[in-house]
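Asker: Fold the following for me, if possible:
(chains A and B)
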Amino acid sequence: MLKAKSSLGVIFFPAYDWAISETHPEREERLLYTQDQFREEGLFDIQGITEHRPLRATDQDILRTHFCFPSVDAIATESHRISAGGAIQAARLVMEKETRRAFALVRPPGHHAMKVVQGNRGFCNVNIEAVMIEWIREHYGQKRIAIVDTDCHHGDGTQDVYWHDPDVLFISMHQDGRTLYPGTGFPEENGGPMAAGRTVNIPLPPNTSDEGYLHALEHVVLPILADFKPELIVNSAGQDNHYSDPITNMCFSAQGYARLNEMLKPDIAVLEGGYAIKGALPYVNLGICLAMAGCDYSAVLEPDFNPELIREQPDTMNYIKRLCQQMTDVYFSPKQGGADREGRYFVRERDIYYDTENITEKQREELKDCDSCSGIRIIQSQTRRTGACLGIELPFNCCPDCEQQGYERFNRKHDGFKVAQMLDRKNKHYAYRP
Amino acid sequence: MRIGIDIGGTHTDGVLIDGERLIAAAKAPTLYDNLLESISQVLNSILLNQDPKAVRTLNLSTTLNTNAIVTGNIDPVGVLVVGGPGIAPETYRVGDHYHLIPGSLDHLGTETAPLDLEALQAAFTDCFEKGVKTFAVVAKFSPRNPVFENTIRGYLQERADFISSGHLISGQLNFGRRIHTAYYNSAVWRNFHTFSTALMESLRGFNIQAEVNILKADGGTMPMSRALETPVQSIFSGPAASVMGILAITRTSSDALILDIGGTTTDVAIFAGGQPLLEREGISIEGRPTLVRAMHVESIGIGGDSLLQVEQDQVLVGPKRIGPCMARGGFSPTLMDAFNVLKLAAFGDEQRSVEGVEALAVAHGMTGMQLASKAMDVAINAISAKIEDLIALVNSRPVYTIHEILEDRPIFPTRLIMIGGPAAVFKELLQTRLGMEVVVPPLYEVANAIGAALTRSTSYLDLTADTVKGMLSVPRLAIYRSVPRNYDLEAATSEARSLLIDDLEQAGVSISADEVQITQADSFNVVEDFYTAGRNIRVVSQVQPAVIAHIDTGNTGIRVNSRP
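Answerer: Next up, the predicted model:
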């Protein structure tokens, strides 16, 4: 029988009883054909590949990661909790050394969910990778973690969650934002003032295929990872960059995806998007599983796979090569400055659009440039539905001054905020104002 | 009246049962070279002064096929495999005549590469030149579309003695398991066929006109006519027979564990709400996973005859077994001898136990009592740990819907039922260690034969309907037909139910509709270009193993007749 070279735990949770709406692409049978393929291939008969149930993310797991307005229940349904719980199970398997690697094949996805969540953006409510990473840090200490997001869409949510965090490197390879939702993810977006270069965006042109993806991986992602030396590598494994995906314009294949995982060697992979549920997902998911387990994946081919038909045009390949030449600078010599300051605070004011629910959030973020710790973060957020909401985040290494300031602000009454949430990493206190 | 016979590794046990009454029981040695003789001995004994014509049912659990595989008494099988993209089909190579035929189907059953007829002819030629007469034909995704398997069968039909087709063996997806299952089914067929003919002949000699059923590893039976098509299903039915027997003796309706402590191993099975838990996909034969549905039985290498050893101050119990315990004339101390030393048992020649354990203990600077008590701890700990692992495993089985995660009831056994020679000795110790009620039921010596007699036929089928393609398939029954666009889950569920009832009816087994369980009933809207184009429906129906009567254990007048 086949044997895995590195043991792999797979959390397969298709959530067969949940969808956003009747015909939404993020729907019940998204993983049905993947399951058929896994079963027919006997994936779980391979020695060293095991199947596991998801855990369920608690209120604390979510509130440790997000500011949820107006409440956690308004944001996270059972399906979101179990999807995030699937990612947590993957992390638990790896951290407890039960398996060398883990792949959370769960839905719904999460990488468009930002630090503040007021509703569903790009099919996402809860950022399942971020909830997982914060769970890891809560239980195993502040780790250096790299997230490589290979979903076709820019992982704007994950970027936002870790914008100010120098210990989490976020690299996103995606279809150029000028041609696809959410329209962001340019090299200039390279991290907040405390974490310059810790966000790396590689916007690939439409019709990028295996060669282009693997070129970017080899010439940008791997050298940066070699320098950053993360303790854990997480792949946000969206599969909507497949040549048959109905809502994107890329040309990635199952072979390419498997090779990417073989080279990247992620400790944990988490499924994100991917909506070619018959023609792509069964093969891409199988390829990822086999590659992560160190098994031969050379015969995992889509029935209509023809590398000649999806190969990049020379122009596209030249563009990718030129882009990649400049990309490592984003990390190795990041542009500093540019952040707005008001006294001791870095300030960002933004409008954030929630496409699924058609609401716009007005947000003001203040991050203290503190000499003694990473600094208190205060976020004011408002939509027409919730009114004014307040989020206060105290970092792991929070100094007494910031801590006192945070709690004074949190405990104030009649300050005009309908909801206030404390996210205190130092004392592990995550709660709403009573 | 019903007869149950269990041909085990050492003994052949038989019982005659009338309603809830055990009329007679008998034991005979199993003669591997002449199983019919063992059966005859048992029948002679239990039918003494009985009218054989009053026997309506004879259920037989036999190690015949298991043994044939172990001893290599099997037919060469031409294994013709159509693979396609994915894990290399070479991985599943089995037997000496394994041929890969190019061609492929995808997960929807759509043909994505044609069957290579030239390669097929070459494979046929090779097999026939080597005298191969039995075949296994398996294509990847054949339950979705049996076209390749049927085509190959069509070419072979005239020239083969027996062909196993993958899709008829199980509607479940698992290519590798399907290959192995079809292979073993063909490999044991001839031997089983010969045995069956001789058995029927012999039963006529006894004037028995009963319907004859063969026990399966899932604890149910299949009529002989079915057994001749899928003899592989009869493999490993022994432990299942014992479990069903306990069900008949103890009326277990809650979560419970069953422990069968033998000489070499201890087998553990688990009941959830009174039903035995089955393997998720099937058991392994010679280390190869198959689709043979079976009770989930875990084995621990600890039994009454487990050898005691001391290595680096650690006391080891099993898994080695050299011979019987010293109390029964063996030459090395075993767990049973340790029990004699501890006065937990008074078995055979106790003095020999004491001497043997003492000698081993002294050589390692212990007293006999110390060694025996450590050995007991090791055994109890190993069995308890296995039981705890099994409960954890059962409760962590994957589920696929939010509903299941929220509603899932953890399995929490509160009762342990023990059978086997040393069961009584373990009772108190396990009760303390596990904190559950431990029961040693009466009649456990012939629980296996009682189980065989009283279990009913089991069956299952997978129905898949795709209203976009307008196709319905029930692979195991070779049903592939069109369905209207408005075919829905309700129609599919009721069809899966009635097809199973009809199928069993055809095999001479009648069951009522409420005995059919629907274990999966899903309907997915298939969306194409943002419009709902139809439904993909999956239904699995089954008849679970169950006993048709409980034995009245107040009736104690039965003595098991043993022949030397």
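
Asker: List the contacts of stretch B:279-294.
Answerer: By C-beta atoms under 8 Å, 6 or more residues apart in numbering or on different chains, the residues outside stretch B:279-294 that reach it are A:1, A:42, A:45, B:69, B:94, B:169-170, B:172, B:174, B:176-178, B:180-181, B:184, B:216-218, B:232-233, B:235-236, B:240, B:278, B:295-296, B:397, B:458, B:460. To be clear about C-beta, it is placed using only N, CA and C from the backbone, and glycine gets the same treatment.

Asker: For it, measure first residue to last.
Answerer: Stretch B:279-294 has an end-to-end distance of 6 Å (criterion: C-alpha to C-alpha, to the nearest Å).

Asker: That stretch: which residues count as buried?
Answerer: Buried residues in stretch B:279-294, counted by 16 or more other C-beta atoms under 10 Å in any protein chain shown: B:279, B:281-285, B:288-294.

Asker: Closest to residue B:472 out of those?
Answerer: Of all the buried residues of stretch B:279-294, residue B:291 has the smallest distance to residue B:472: 21.5 Å, by C-beta to C-beta.

Asker: Got the phi and psi for that closest one?
Answerer: Note on residue B:291: backbone dihedrals following degrees, to the nearest 10 are phi -100, psi 20.

Asker: Tell me the buried residues in the helix or strand hosting residue A:38?
Answerer: Assigned by DSSP states H and E, residue A:38 falls within helix A:32-41. Within helix A:32-41, the residues that count as buried by 16+ other C-beta under 10 Å are A:32, A:33, A:34, A:35, A:36, A:37, A:38, A:39, A:40, A:41.

Asker: which of these come close to chain B?
Answerer: By C-beta under 8 Å from any C-beta of the partner chain, the members of the buried residues of helix A:32-41 lying near chain B are A:32, A:33, A:35, A:36, A:37, A:39, A:40, A:41.

Asker: can you put these in CSV and add pLDDT?
Answerer: Formatted as CSV, those follow (pLDDT from 0 to 100):
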residue, pLDDT
A:32, 89
A:33, 92
A:35, 92
A:36, 93
A:37, 96
A:39, 95
A:40, 97
A:41, 97
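
Asker: can you give me the strands for the stretch 151-300 of chain B?
Answerer: Remark: strands assigned in the stretch 151-300 of chain B by DSSP state E, counting those that start in this stretch are B:162-165, B:211-215, B:221-223, B:256-261, B:266-272, B:275-276, B:284-285, B:288-289, B:297-300.

Asker: and what of the stretch 401-550 of chain B?
Answerer: Going by DSSP E, counting those that start in this stretch, the stretch 401-550 of chain B shows strands at B:415-419, B:437-439, B:459-466, B:471-474, B:479-482, B:517-528, B:531-543.

Asker: Most proximal residue of the stretch 251-400 of chain A with respect to chain B?
Answerer: At 3.7 Å from chain B, residue A:303 is the closest residue in the stretch 251-400 of chain A, using C-beta to the nearest C-beta.

Asker: just checking, that residue touches residue B:105?
Answerer: No: using C-beta atoms under 8 Å, residue A:303 is not in contact with residue B:105; the gap is 9.1 Å.

Asker: what residues do those two have in common as contacts?
Answerer: With C-beta under 8 Å, 6+ apart, residue A:303 and residue B:105 have common neighbours residue B:112.

Asker: what about those two, which has more around it?
Answerer: A direct count of neighbours by other C-beta atoms under 10 Å in any protein chain shown for residue A:303 and residue B:105 places residue B:105 higher, at 25 against 16.

Asker: which residues does the more buried one bridge with?
Answerer: With DSSP bridges as the criterion, residue B:105 is bridged to residue B:111.

Asker: related to what we said a few turns ago, could you dump the buried residues of stretch B:279-294 into CSV with pLDDT added?
Answerer: CSV is the format used below for the buried residues of stretch B:279-294 (pLDDT from 0 to 100):
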residue, pLDDT
B:279, 88
B:281, 89
B:282, 92
B:283, 93
B:284, 93
B:285, 93
B:288, 95
B:289, 95
B:290, 96
B:291, 96
B:292, 95
B:293, 92
B:294, 92
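
Asker: State the pair within these that is farthest apart.
Answerer: Spanning the widest gap among those are B:288 and B:293, at 15.7 Å by C-beta to C-beta.

Asker: just to revisit the earlier point, and the strands of the stretch 151-300 of chain B, which one is worst for confidence?
Answerer: Lowest mean pLDDT within the strands of the stretch 151-300 of chain B: strand B:275-276, at a mean of 83.

Asker: any idea how far the residue nearest to the spatial centre of chain A is from residue A:155?
Answerer: Centroid-nearest residue in chain A: residue A:111, 4.0 Å away (criterion: C-alpha atoms, centre = their mean). The gap separating residue A:111 from residue A:155 is 4 Å, by C-beta to C-beta, to the nearest Å.

Asker: on that earlier part again, can you tell me which of the strands of the stretch 401-550 of chain B is nearest to chain A?
Answerer: With C-beta to the nearest C-beta as the measure, strand B:517-528 is the member of the strands of the stretch 401-550 of chain B nearest chain A (3.7 Å).

Asker: So the closest one, near chain A or not?
Answerer: Yes: using C-beta under 8 Å from any C-beta, strand B:517-528 reaches chain A at B:522, B:524, B:525, B:526, B:527.

Asker: and that strand, average pLDDT?
Answerer: 85.

Asker: One more: stretch A:19-26?
Answerer: For stretch A:19-26, mean pLDDT is 75.

Asker: Tell me, how many residues neighbour residue A:112?
Answerer: For residue A:112, the neighbour count with other C-beta under 10 Å is 28.
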